[in-house]
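>>> build me a structure from this.
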Amino acid sequence: CKALPFLLADQSLNFAYSGRTGERDCHMRTYSITDSSDHTITYVDRKRWWWSLSLINPMLPLIGVFGFLATGQSFWLAVPLTLMFVVAPLLDWLFGEDQNNPPESLVPQLEEDRYYRVLTYLTVPLHYIAFITVAIFVGTQTLPWWGFLALTVAIGFADGFAINTGHELGHKRTRLETWLAKIVLAVPAYGHFWIEHNRGHHRDVATPDDPASARMGESIYQFALREIPGAFQRAWEIERERLKRKDLPVLHLQNEVLQSYLISVVLQVSLLIAFGWIMIPFLLIHNVFSWWVLTSANYIEHYGLLRMQQDNGKYERCQPHHSWNANHIYSNLLLFHLQRHSDHHANPTRRYQSLRHFEDLPSLPSGYYGMYLLAYVPSLWFKYMDAKLLQLPHVQGDLNKINIDPAAREAILEKYGESFAPAS
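Just a heads-up that it's a prediction; the model follows:
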C-alpha cells in the first residue's frame, strides 16, 4: 500500500491521469470517462481510505476515558485536548498541503460514490456514543477538578465538530441528510445552525450585514458576543418568515429549529435525571465549548474579507477569494474538507470530496486547529493576519476593500492608512 508514503512525500503528484489507468493503490477505485474525441480521463482519489479518519474525530475524548479506566492515571484525561491542539497542528505541518483537484468531468461520478457520504452518516451516531459515554463516565467517577474540566472541554470541542458534520449534511438536498443534520446538531444543542448557515450566512457572507463574518480589528472574543446571539436571532427570523408564508405559528412542530432542539432537551434532561447535579456544570461547559468551536471556525474563515457593494445596492456574488482557504491534509481529512472553504462558499452543494483548490486565494498558514490557537491570542492574530489580509492580490492595501470593525476603524486607518495607500 502506497497511500501513506504519498501523503508524506508525494504531495505534489497530480491525481488526474489522461490516457492511462493509473496506479490502483490499496484497491482504490478508479473513475474514468471517455470524451467525444475518444480520449479517456481517469482519476484515483489516493486519500480515499484516509477520509475514514473523520470517524476518529468524534471519538477522541474516549481515549481519555478508557486510558483512565485502564490505568487509573489522571493524565489520560488531558490527552484528548493534547491530540487536538498539539498533535494535530504538528501533523498538518508534517503532512503539508494538497493542492490537487479531481477532473471536473469526473466529479459527477465522484459525488455519486456512496462511500463518501456513508462516512458522514456514520459520524452522526459516533457523536452520540462519545457524548453519552463521557457523560456516564463523569457522572460515575471521582475525578480531579482539572481532569473533569479537561475532559469536558475535550468532548465540547469534539461535539463542536458535530456542527461540521451537520454543515456537510445540511447543505445536501436529500431528506435523509437533512434529518441527519438536525439529529447531529442536537448533540451540541445548536439546532438553529443549518437554517442560519444555509439561508443567512451564505446569503450575507463577507459583508457587514453578516454576524458570522469577522471584521478586521475585531478579536475573537468580541466576535463571539456578536456572532452567537446574532446567528440565533437570524435563524429564528428566517424560520418565522417561512412558517408565516405557510400560515403556521412559529411554535409549531414544523419549525425546523425546534425539531433539533427538542432532541437536545430530551437528551440533556435525561442525563440530568440519571446523574444529578454533576451534569449541570458538565452540560454547561460542553455546550459552551461546542458553540465556541463554530465561533472559532467562523472567525478565521472570513476574517476581514469583503464583497463589494454594487451600484444597485446589492453585494457582488460570493467568489472563492471571499473565504480563507487551507489545503492542509491531516485536518482536512478529519473535517470533511471544511478548510477548502473558498470553493464551498462559491458552490455550497458540492460534496466534500470534490471541493477544489484555486490559485491566488486567501490562504491560511496552518489548518484550523493551529489557527484556532493563534486566534485565541488577539495580539498575535492581528500582527500576523492583518498584514496578510492587506497583502492579498485583490486587496493590495486598499482598506476600502476590507470588512473593518467600526470600533477599530480609526485605529486601523491611523496604523495602515499611510503605509498602505488605496489601490488606484
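>>> from here on, just use CA atoms for contacts and neighbour counts.
Fine.
>>> so Y315 sits against H322, correct?
No: counting by C-alpha atoms under 8 Å, Y315 stays clear of H322, with 11.9 Å between them.
>>> neighbour-wise, which of those two wins?
Neighbours were counted for Y315 and for H322 using other C-alpha atoms under 10 Å; H322 has more, 26 against 17.
>>> picking that back up, residues shared between the contacts of Y315 and H322?
R307 (C-alpha atoms under 8 Å, 6 or more residues apart in numbering).
>>> how about the helices in the stretch 1-150 of the chain?
3-9, 60-71, 79-82, 88-95, 107-112, 114-140, 145-170 (DSSP state H, counting those that start in this stretch).
>>> buried residues in the longest one?
If I follow you right, that is helix 114-140. Across helix 114-140, burial judged by 16 or more other C-alpha atoms under 10 Å covers 116-117, 119-121, 123-124, 126-128, 130-131, 133-135, 137-139.
>>> and the third one, by the same measure?
Using 16+ other C-alpha under 10 Å as the test for burial, helix 79-82 gives 79-81.
>>> same question, stretch 267-279
When burial is assessed from 16+ other C-alpha under 10 Å, stretch 267-279 yields the following buried residues: 267-268, 271-272, 279.
>>> okay, it in CSV with CA atoms only?
Output of stretch 267-279 as CSV, limited to C-alpha atoms (Å, rounded to 0.1, in the frame of the first residue of the first chain):
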residue,chain,number,x,y,z
LEU,A,267,-31.0,14.1,25.6
GLN,A,268,-29.7,16.5,28.2
VAL,A,269,-32.7,16.4,30.6
SER,A,270,-32.3,12.6,30.6
LEU,A,271,-28.7,12.9,31.7
LEU,A,272,-29.7,15.4,34.4
ILE,A,273,-32.2,12.9,35.7
ALA,A,274,-29.8,10.0,35.5
PHE,A,275,-26.7,11.5,37.1
GLY,A,276,-27.9,14.5,39.1
TRP,A,277,-26.2,17.9,39.8
ILE,A,278,-22.8,17.0,38.3
MET,A,279,-24.5,17.2,34.9
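>>> list the contacts of that stretch.
With contacts defined as C-alpha under 8 Å, 6+ apart, stretch 267-279 is touched by 135-136, 138-140, 187, 280, 283.
>>> for the residue nearest to G230 when sequence neighbours are not counted, grab the count of nearby residues.
Leaving aside its sequence neighbours, G230 sits nearest to P211 (C-alpha to C-alpha, 6 or more residues apart in numbering; 5.6 Å). Residues near P211, counting by other C-alpha under 10 Å, number 25.
>>> do L243 as well
L243: 18 neighbours (other C-alpha under 10 Å).
>>> which residues of the stretch 201-350 of the chain score low on pLDDT?
Applying pLDDT under 70 to the stretch 201-350 of the chain flags no residue at all.
>>> show me where it has its helices.
Counting by DSSP H, counting those that start in this stretch, the segments of the stretch 201-350 of the chain that form helices are 202-204, 220-245, 256-275, 279-301, 329-334, 341-346.
>>> for F157, find the nearest of these.
Across the helices of the stretch 201-350 of the chain, F157 has its closest neighbour in helix 279-301 (5.3 Å, C-alpha to C-alpha).
>>> distance from the closest one to the middle of the chain?
Chain-centre distance of helix 279-301: 13 Å, with C-alpha atoms, centre = their mean, to the nearest Å.
>>> now stretch 139-159
Distance, centroid of stretch 139-159 to centroid of chain: 23 Å (C-alpha atoms, centre = their mean).
>>> same question, stretch 90-108
17 Å.
>>> and the end-to-end length of that stretch?
End-to-end distance of stretch 90-108 (C-alpha to C-alpha, to the nearest Å): 34 Å.
>>> same question for stretch 307-325.
Using C-alpha to C-alpha, the two ends of stretch 307-325 sit 16 Å apart.
>>> part of a helix, is R173?
No: R173 is assigned coil when assessed by DSSP: H, G, I helix; E, B strand; the rest coil, not a helix.
>>> that one - how many residues pack around it?
So R173, with other C-alpha under 10 Å, has 10 neighbours.
>>> so it versus A158, what's the distance?
For R173, the distance to A158 - C-alpha to C-alpha - is 26 Å.
>>> H321 too?
On the measure of C-alpha to C-alpha, H321 and A158 end up 29 Å apart.
>>> so these two - more neighbours on which side?
Neighbour count, other C-alpha under 10 Å: between H321 and A158, A158 has more, with 28 against 25.
>>> check contacts around R226.
P211.
>>> next up, phi/psi of G72, please.
Backbone torsions of G72, given as degrees, to the nearest 10, read phi 80, psi 0.
>>> quick revisit: of all the helices of the stretch 1-150 of the chain, which one is nearest S363?
Here helix 88-95 is closest among those (C-alpha to C-alpha), at 14.3 Å.
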